[in-house]
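Visitor: Below are the sequence and a predicted model; questions follow.
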Amino acid sequence: RAYLHLLNQQGQTKTVPLAHPHTDSISCVALNTPYITSDVSGAVQPNHTAVGSYDGSIVLYSTTDGTLIHVFEGPTDVEWLRFHPRGGTVLLVGSIADGTIWMYHTPSKQCLQVFVGHEGGVTDGAFTPDGKAIVSCGQDGTVRVWAPKKGVCKHVFRLVDNMNGGGGGEEG
């Protein structure tokens, strides 16, 4: 079970049990708080906490009170989560089991892209600071650079093997 620990301005804490009944270990947590900005209408985006689990669940909660917002359908064995650095409304999710990366738009609760290319689990990933690319690394010994809007792999860097040369290559 997951819990949200809230700290108020007076330094008092409150522990809130989160609603989703995970059936396997919680593997990762991400907060969009550092990335919150105003949207085009001037409204400030909400504070969200995303929780990922090896049961394949990706659960979005309100950071302010722990209210469950949405459970996303997606990959199995969620290994990591990252919010987009511009606005915090796009969530990136990586799978250690099937080697995929999923990208969600949290306000619409829709999957925007599924990135396929790693030949093993995706161990980590993130948006670049400007949010215009995604970088991921996998158990296949590659680091991949992805185009988020197009969903294609722009470049693959391969682990150097026994001093036989480096590997860069283009895909997609």
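Guide: Received the coordinates, thanks.
Visitor: pLDDT on stretch 115-134, on average?
Guide: In this model, stretch 115-134 has an average pLDDT of 96.
Visitor: what comes up buried for it?
Guide: 115, 117, 118, 121, 122, 123, 125, 126, 127, 134 (16 or more other C-beta atoms under 10 Å). Placement of C-beta: from N, CA and C, glycine included.
Visitor: Stretch 114-131: end-to-end distance?
Guide: Stretch 114-131 has an end-to-end distance of 17 Å (criterion: C-alpha to C-alpha, to the nearest Å).
Visitor: next one: it to chain centre, how far?
Guide: Put simply, stretch 114-131 sits 9 Å off its chain's centre (C-alpha atoms, centre = their mean, to the nearest Å).
Visitor: can you check stretch 9-18 too?
Guide: Here stretch 9-18 is found 25 Å from its chain centre; the criterion is C-alpha atoms, centre = their mean.
Visitor: Residues in contact with it: which ones?
Guide: 1-8, 51, 59, 61, 65-66, 68 (C-beta atoms under 8 Å, 6 or more residues apart in numbering).
Visitor: 10 Å - rerun?
Guide: The contact list for stretch 9-18 (C-beta atoms under 10 Å, 6 or more residues apart in numbering) reads 1-8, 26, 49, 51, 59, 61-62, 65-68.
Visitor: Could I have the buried ones of those residues as ChimeraX selection syntax?
Guide: A single ChimeraX command suffices to select whichever of the contacts of stretch 9-18 are buried according to 16+ other C-beta under 10 Å:
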select :2,4,26,49,51,59,61,66
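Visitor: rewinding a little: out of the buried residues of stretch 115-134, list just those in strands.
Guide: Cross-referencing those against strands under DSSP state E gives 115, 122, 123, 125, 126, 127, 134.
Visitor: Ranking helices and strands of the protein by mean pLDDT, which lands last?
Guide: Confidence across the helices and strands of the chain bottoms out at strand 167-169, with a mean of 53, counting by mean pLDDT, DSSP states H and E.
Visitor: which two from the buried residues of stretch 115-134 end up farthest apart in space?
Guide: Spatial extent of the buried residues of stretch 115-134 (C-beta to C-beta) is set by the pair 121 and 127 at 19.6 Å.
Visitor: quick one: low-confidence parts of this structure?
Guide: Low-confidence segments of the chain, defined by pLDDT under 70: 39, 160-172.
Visitor: Which strand or helix spans the most centrally placed residue in the chain?
Guide: By C-alpha atoms, centre = their mean, the chain has its centre lying nearest to residue 81, at 2.6 Å. Taking DSSP states H and E as the criterion, the element that holds residue 81 is strand 78-83.
Visitor: No more questions from me, cheers.
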